[in-house]
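Trainee: Predicted structure and sequence below. I'll ask about it afterward.
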Amino acid sequence: MLSEATKQERFTFVQDHYGFCVMKAGNWIGHPGNVPGFNSHAFYNATLKTAIVIIVNMESGTPVEYFTPAFVHILEE
């Protein structure tokens with residue numbers, strides 16, 4: 001549904017981190033999300049052909065940012 005130009009723009013990262021509605025963290029590409037009461041990360045690593053989705057229900061802070069690096073470390077070993 002997206003034009004080729006839009007697809008390319010999505011993966012043109014600013015400061016090697018943010019694209020158009022996507023985020024890059026090392027070899028992982030995906031999207032973080034925060035709504036009241038929940039935090040989430042959904043990322044894909046094309047090299048490992050692995051997806052990771054973490055959803056945390058918590059009223060304050062962004063605890064998902066503490067869980068994701070731990071799981072990424074396990075998956076990349």
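Mentor: Thanks, I have the structure now.
Trainee: going forward, measure contacts and count neighbours with C-alpha atoms only.
Mentor: Will do.
Trainee: Buried residues, the longest helix seen in the chain. List them.
Mentor: Longest helix in the chain, counting residues (DSSP state H): helix 64-76. Neighbour counts over helix 64-76 (16 or more other C-alpha atoms under 10 Å) mark V64, T68 as buried.
Trainee: and S40, what does it touch?
Mentor: The neighbours of S40, taking C-alpha atoms under 8 Å, 6 or more residues apart in numbering as the test, are P32, G33, N34, V53, I54, I55, V56, V64.
Trainee: 6 Å instead?
Mentor: For S40, the contact set (C-alpha atoms under 6 Å, 6 or more residues apart in numbering) comprises P32, G33, I54, I55.
Trainee: Test my guess that M58 contacts P36.
Mentor: No: M58 lies out of contact with P36 (C-alpha atoms under 6 Å); the separation is 8.3 Å.
Trainee: which of those two has more neighbours?
Mentor: Neighbour count, other C-alpha atoms under 10 Å: between M58 and P36, M58 has more, with 13 against 9.
Trainee: so how far is N57 from the nearest residue to that one once chain neighbours are set aside?
Mentor: Nearest residue to M58, sequence neighbours excluded (C-alpha to C-alpha, 6 or more residues apart in numbering): G37, at 5.0 Å. From G37 across to N57, the span is 6 Å (C-alpha to C-alpha, to the nearest Å).
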